[in-house]
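S.K.: Sequence first, then the predicted structure:
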Amino acid sequence: MMRLFRLLAAVALLSLVLVAMVGLKQFTLATGATVVLETVPIDPRSLFRGDFVRLNYTISDLPLADIAGDSDFAKGDTVFVRLRRGPLYGQPISLHKEYPPVLEDHVVIKGRITRNPRSRVRIRYGIESFFIPEGEGLALERPPPGSKVTVLVAIDRYGKSAIKAVLVDGEPRYSETLF
């Protein structure tokens with residue numbers, strides 16, 4: 001009887017962890033402020049691995065001389081980037097070690113420094129990949145000439161981000177769904 005109880009408790013705990021993971025992402029998607037992020041080209045040889053797209057953002061590589069805020073960072077540091085919601089894309093305004101006050105028409109996104117040369121920092125936000133239906137990646141890998149691929153991101157009040165949709169020329173091509 002005790003063995004059965006332990007087994008059921010373990011199954012319940014694992015199920016709770018899975019539900020919490022999904023629930024936290026859905027919380028960010030449902031309550032987060034949205035901002036469109038500009039993507040930058042990626043070497044096509046590493047764009048697809050399986051059924052997901054690798055994404056790179058203009059806000060992922062920041063020159064320290066051109067951005068306000070803190071400047072002494074090390075690889076692995078958690079950072080917060082204040083973004084101003086622009087007419088087209090979110091623009092990085094400042095970089096901080098601690099969560100800064102949020103200003104009107106701004107959002108704060110949380111990331112981790114992956115490379116720290118002296119003059120530029122490379123930041124990973126956890127939104128660098130997006131799963132797509134099998135066989136539909138060519139539209140993102142090779143968009144028609146003149147087309148622009150951007151990403152609509154939800155950012156909650158803690159700085160955690162999640163992709164809401166991948167946009168091609170401003171129109172949603174792929175949207176995040178629960179199932």
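M.R.: Yep, it's here.

S.K.: the bottom helix or strand of the protein by mean pLDDT?
M.R.: Lowest by mean pLDDT, DSSP states H and E among the helices and strands of the chain is helix 138-141, with a mean of 68.

S.K.: Strand partners (parallel or antiparallel) of the longest strand along the chain?
M.R.: The longest strand of the chain (DSSP state E) is strand 106-115. Partners of strand 106-115 in the sheet, by DSSP bridges, are strand 78-85 (antiparallel), strand 120-124 (antiparallel).

S.K.: Output the last one as PDB, restricted to C-alpha atoms.
M.R.: Right, the one you point to is strand 120-124. Output of strand 120-124 as PDB, limited to C-alpha atoms (Å, rounded to 0.1, in the frame of the first residue of the first chain):
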ATOM      1  CA  ARG A 120      29.300  44.600 -27.200                       C
ATOM      2  CA  VAL A 121      27.200  42.100 -25.300                       C
ATOM      3  CA  ARG A 122      25.400  39.100 -26.700                       C
ATOM      4  CA  ILE A 123      22.100  38.300 -25.000                       C
ATOM      5  CA  ARG A 124      19.800  35.300 -25.100                       C
END
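
S.K.: The next helix or strand after it: which residues count as buried?
M.R.: Proceeding N to C from strand 120-124, the next assigned helix or strand is strand 129-131, under DSSP states H and E. Buried residues in strand 129-131, counting neighbours by 16 or more other Cβ atoms under 10 Å, are found at Phe130. In short, each C-beta sits where N, CA and C put it, glycine included.
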